[in-house]
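Student: Here's a sequence, model it:
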Amino acid sequence: MTEIVPENFEITGKPDNYRVEDSYLNMKGKRLDPLKTEEVKLILRPKVQGTFPLKPKILYLDENGKYKSHEPELINITVKELGIKGWLKGER
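Tutor: Numbers count the residues shown, from 1 in each chain. Presented below is the predicted three-dimensional model:
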C-alpha cells in the first residue's frame, strides 16, 4: 500500500508483521487466495488541525504475475481541538 499516511500525520501503531517504509506499507509478499481479504489497522496521530484526504493505493500482482493497482474511495479525516470551548483557557 502506498500513500498510507496523510500529510501532517505520523504512524503510532501498525501490525508487527509488516514494515512502514517512507509513505508505504510493505506487506512482505503477503499472498491472498482469490476472493480473500486482509484487514490492516494503522494508528495515526495528527500533528495539526484541519481536514486531510486519505486515499491509499494498493499495489499487487494478479494471478498471472502482472502488476495491478487499486485506489479505494477517498476519505477525508477531520482533526479538531478536543475540549469544551473556553475550558482549556480557564474561562467561565
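Student: ok, which stretches of the chain are strands?
Tutor: 9-13, 19-21, 24-26, 43-46, 50-54, 58-61, 67-70, 75-79 (DSSP state E).
Student: okay, the closest residue to residue 81 other than its chain neighbours: pLDDT?
Tutor: Nearest residue to residue 81, sequence neighbours excluded (C-beta to C-beta, 6 or more residues apart in numbering): residue 49, at 6.2 Å. Where you see a C-beta, it was placed from the backbone N, CA and C, and this is true even at glycine. We have a pLDDT of 92 for residue 49.
Student: Kindly report the same for residue 73.
Tutor: 91.
Student: And for residue 69?
Tutor: pLDDT, read off for residue 69, is 91.
Student: Let me know whether it touches residue 57 as I believe.
Tutor: Yes - with contacts counted by C-beta atoms under 8 Å, residue 69 reaches residue 57, the gap being 5.6 Å.
Student: more crowded one of these two?
Tutor: It is residue 57, of residue 69 and residue 57, that has more neighbours when counted by other C-beta atoms under 10 Å, with 13 against 9.
Student: Would you agree the residue nearest to residue 81 is in contact with residue 79?
Tutor: Yes - with contact defined as C-beta under 8 Å, residue 49 counts as touching residue 79 (4.9 Å).
Student: Looking at these two now, which is surrounded by more residues?
Tutor: The neighbour count for residue 49 versus residue 79, taken as other C-beta under 10 Å, is higher for residue 79 (17 against 11).
Student: In contact with that one, which residues?
Tutor: 46, 48-52 (C-beta atoms under 8 Å, 6 or more residues apart in numbering).
Student: low-scoring pLDDT stretches of the chain, where are they?
Tutor: The chain contains residues with pLDDT under 70 at 83-92.
Student: circling back to that earlier point, pick the most deeply packed of the strands of the chain.
Tutor: strand 24-26 (a mean of 16; mean count of other C-beta atoms under 10 Å).
Student: looking just at contacts, which helices and strands does that strand meet?
Tutor: strand 19-21 (3 or more C-beta pairs under 8 Å, 6 or more residues apart in numbering; DSSP states H and E).
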